[in-house]
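Student: From the sequence below, what's the structure:
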Amino acid sequence: MNRRKLLAVLGCLTATAGCLASPPEDQSESADRSVREHIDGEVSRPDCERESESVEVGVGEDTQTFETAATVPYPDPFSGGARSAVVEYVEAFEHAYVTKDALCDRHSAGHVFRVLYDVLERETFDWDGTIDIVFLLRRGAATHGSDGDGGVWVADVVAEGVVYAVDETGVARVAYPGVTARDEGSYESGAPDPLESGRLVATFD
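Tutor: Below is the predicted model of the structure:
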């Protein structure tokens, strides 16, 4: 049994979210496939462009001026490279994902002034095949804004995990819930597989 298949079995035994009910009979065969071959369907991700602008907000009896948050563009298609380049690409992609997720589909009358993005941990997983698997423990969410009724809010952000699969054909992403600190054990041992339970978030020609 290879390493990836063993990890899948262990993850299922511990009831990790996103784990397959049973591992594939021959994981080595699927490991040689591409991201696009693993995940059918269209790209699904938050996507819009929002520029920063100055807005006046009534706070009590005063009026204050704030600068709204702006989206970060998704990086250019990944063109290959060392593991450090893959991690850098994933960090940039997740930064864009976080800002767009916070700003694209807002329906309230308020504004967002800040979107925090902070990577606390990063790790690559030694799974078989030519697809790079990258884990990030990051904080990412709107942390400062207005509610449209004269109130200004500030929010705390907890760390959350996310796992990416990247190759020359595309990118898959899956949330890794419940992981907060390295002292809980290896990130890799309980990680969900973005190729099995993730979403296709980018494709490359």
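Student: what are the ranges of the helices in the chain?
Tutor: Here the chain has its helices, by DSSP state H, at 3-13, 27-31, 35-38, 83-103, 194-197.
Student: For the third one, which helices and strands make contact with it?
Tutor: Read that as helix 35-38. Applying 3 or more Cβ pairs under 8 Å, 6 or more residues apart in numbering; DSSP states H and E, one finds that helix 35-38 contacts strand 160-166, strand 170-176, helix 194-197, strand 199-203. From N, CA and C alone the C-beta is placed, and that goes for glycine too.
Student: Which other helices and strands does the first one contact?
Tutor: Spelled out, it's strand 160-166. Under the contact criterion of 3+ Cβ pairs under 8 Å, 6+ apart, strand 160-166 touches helix 35-38, helix 83-103, strand 132-146, strand 170-176, helix 194-197.
Student: cool, and the last one?
Tutor: For strand 199-203, the helices and strands in contact under the criterion 3+ Cβ pairs under 8 Å, 6+ apart are helix 35-38, helix 83-103, strand 170-176.
Student: and those, which is most packed in?
Tutor: Ranked by mean neighbour count under mean count of other Cβ atoms under 10 Å, those are led by strand 170-176, which reaches a mean of 23.
Student: From the rest of the structure, what touches that strand?
Tutor: 18, 34-36, 38-39, 45, 78, 93, 97, 135, 160-165, 187, 191-195, 197-204 (Cβ atoms under 8 Å, 6 or more residues apart in numbering).
Student: Apply the buried test to the residues you listed and list what passes.
Tutor: Buried by 16 or more other Cβ atoms under 10 Å: 18, 34-36, 38-39, 45, 78, 93, 97, 135, 160-165, 187, 191-195, 197-202, out of these.
Student: re earlier: make a markdown table from the helices and strands packed on helix 35-38 and add mean pLDDT to it.
Tutor: Formatted as a markdown table, these follow (pLDDT from 0 to 100):
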| stretch | mean pLDDT |
| --- | --- |
| strand 160-166 | 97 |
| strand 170-176 | 97 |
| helix 194-197 | 94 |
| strand 199-203 | 97 |
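Student: give the contact list for Val98.
Tutor: Val98 makes contacts with 115, 117, 138, 140-141, as judged by Cβ under 8 Å, 6+ apart.
Student: right, and the pair among those residues with maximum separation?
Tutor: Using Cβ to Cβ, the pair of the contacts of Val98 lying farthest apart is Val115 and Arg138, separated by 12.2 Å.
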